[in-house]
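Undergrad: Show me the folded form of this:
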Amino acid sequence: MSDRESSGAEPAPVIREARPADADAVTAFARDTWGERHEDYIPRVFPEWAAADDPEAGTFVATLPPDAVAESDAIGTTDGREPGDTLVEGDGTGAAAAGDREAVVGCIRGALLSEWEAWGQGIRVDPAARGFGVGTALSAAVLDWARDRGARVCRNMVFSWNVMGLGQSRAVGFEPATEFRFAEPEPESDAVDPSLDDPDPNAAWAFWHDSDARDHLRGLALDPDESWACSALTRDRLRTAADEDRLLAVAGADALAGFAVRTRLTEREEAGEPTRTAIYGAAAWRDVDAAGALYEAIAADAAAVDADAVRVLIPETVEHVSDTGANRVPVAAEPDFVMSADLTGEP
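TA: Presented below is the predicted three-dimensional model:
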């Protein structure tokens, strides 16, 4: 990607495709992104992103000349940081000529979720490079990448408490889309499973299409292929979930009363122990009683797949959160925000 002219004397960041050799540099500035709130996943996944040869995904880094960040207060005063920890050998596509050193000061990843939907994630900026327009350049690069591949919209997810991240997204063209929260029922192997034996995906689609959950979430659910990304829930996805025994449904007196989709199982180590989490990326119900039945079905399903923990994406509304609470199901302390950039106009 071409360099961008600086508006002043400061050098402008140059965006290039990520390489596996950038992993240590990215880890240097991303290891403590969220402080005590929680661990950043970027150091864990960036090597895989950078090494992937996937035409439907692109990972990029921002680079600057070494001198631009050498005197920053973030170097040497931030825990774990050392001078030169973000320097890599340039290949001529970044801020340095081939063979010279350049500083890797930011990263981002784009992914195509469907023919028309793209997702931007993992944007990180080295604190030593603040003020150089790194975040803006990274966001513009991913939006250009998505537009070039035919996407009509690009979305992202930002923690509700990340005010700077929300502001950055708005500044580069993302608009508010929706909010959700994770419900966290416990797996229960001895729970009475009220779910239907052979749920009809067409009935689930009709229920979803007319539900308040769909309206609030703008039709979005967790994507089945890209972790922690949201894309439009389709009839075909519900049919696939039914075929793979991942569609749960509960009935009321005369009709379907709620459904959920188990999107994936994740396994990772937490507090030194392996944890298997069942993720339900779509859920909708008719009323508080149907919510209770659906959570019972989810608890039984999670136990059946040997999950240690459960997360269920629910709309961030008074109705859905209070229905969850009324059934004594815990919810995450804070919601997450989804934002959306329209790519149909001129960049």
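Undergrad: Skip the chain neighbours and tell me the closest residue to residue 69.
TA: Closest residue to residue 69 apart from its sequence neighbours, by Cβ to Cβ, 6 or more residues apart in numbering: residue 128 at 4.2 Å. (Each C-beta comes from the backbone N, C-alpha and C, glycine too.)
Undergrad: part of a helix, is that neighbour?
TA: Yes: the assignment for residue 128 by DSSP: H, G, I helix; E, B strand; the rest coil puts it in a helix.
Undergrad: Identify the residues contacting it.
TA: Residue 128 is in contact with 29, 69, 72, 74-75, 86, 103, 105, counting by Cβ atoms under 8 Å, 6 or more residues apart in numbering.
Undergrad: swap the cut-off to 6 Å and go again
TA: 69, 72, 74-75 (Cβ atoms under 6 Å, 6 or more residues apart in numbering).
Undergrad: Just the buried ones among the residues you listed, please.
TA: By neighbour count, with 16 or more other Cβ atoms under 10 Å, the contacts of residue 128 hold 69, 72, 75 as buried.
Undergrad: Among the residues you listed, which lie within helices?
TA: Among the buried ones among the contacts of residue 128, the members falling in helices (DSSP state H) are 69, 75.
Undergrad: Adding distance to residue 209 and pLDDT as columns, could you present the buried ones among the contacts of residue 128 in JSON lines?
TA: What follows is those, written out as JSON lines (distance: Cβ to Cβ, whole Å; pLDDT from 0 to 100):
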{"residue": "69", "distance to residue 209": "51", "pLDDT": "88"}
{"residue": "72", "distance to residue 209": "52", "pLDDT": "80"}
{"residue": "75", "distance to residue 209": "54", "pLDDT": "70"}
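Undergrad: Dump the buried ones among the contacts of residue 128 to TSV, plus distance to residue 230.
TA: As requested, the buried ones among the contacts of residue 128 are exported to TSV (distance: Cβ to Cβ, whole Å):
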residue	distance to residue 230
69	34
72	35
75	36
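Undergrad: now, which of the buried ones among the contacts of residue 128 sits nearest residue 95?
TA: residue 69 (10.8 Å; Cβ to Cβ).
Undergrad: so the closest one sits right up against residue 101, yeah?
TA: No: judged on Cβ atoms under 6 Å, residue 69 makes no contact with residue 101 at a distance of 11.7 Å.
Undergrad: which one among the contacts of residue 128 gets closest to residue 273?
TA: residue 74 (33.3 Å).
Undergrad: residues in contact with that closest one?
TA: By Cβ under 6 Å, 6+ apart, the contact set of residue 74 is 127-128.
Undergrad: could you measure residue 61 against residue 295, distance?
TA: 42 Å (Cβ to Cβ, to the nearest Å).
Undergrad: meant to ask about residue 130, not that
TA: 44 Å.
Undergrad: Looking at those two, which is more packed in?
TA: Taking other Cβ atoms under 10 Å, residue 130 and residue 295 do not tie; residue 295 has more neighbours (29 against 14).
Undergrad: any idea what sits nearest the residue nearest the centre of the chain, other than its immediate chain neighbours?
TA: Nearest residue to the geometric centre of the chain (Cα atoms, centre = their mean): residue 228, 3.6 Å. Distances taken as Cβ to Cβ, 6+ apart put residue 157 closest to residue 228, at 6.6 Å, once the chain neighbours are dropped.
Undergrad: okay, now that neighbour: neighbour count?
TA: 18.
Undergrad: Helix, strand, or coil at the residue nearest to the centre of the chain?
TA: Residue 228 is classified as coil under three-state DSSP.
Undergrad: Relative to residue 237, how far out is it?
TA: Taking Cβ to Cβ, one finds residue 228 at 17 Å from residue 237.
Undergrad: close enough to count as contact, residue 293 and residue 251?
TA: No: counting by Cβ under 6 Å, no contact exists between residue 293 and residue 251, whose distance comes to 8.5 Å.
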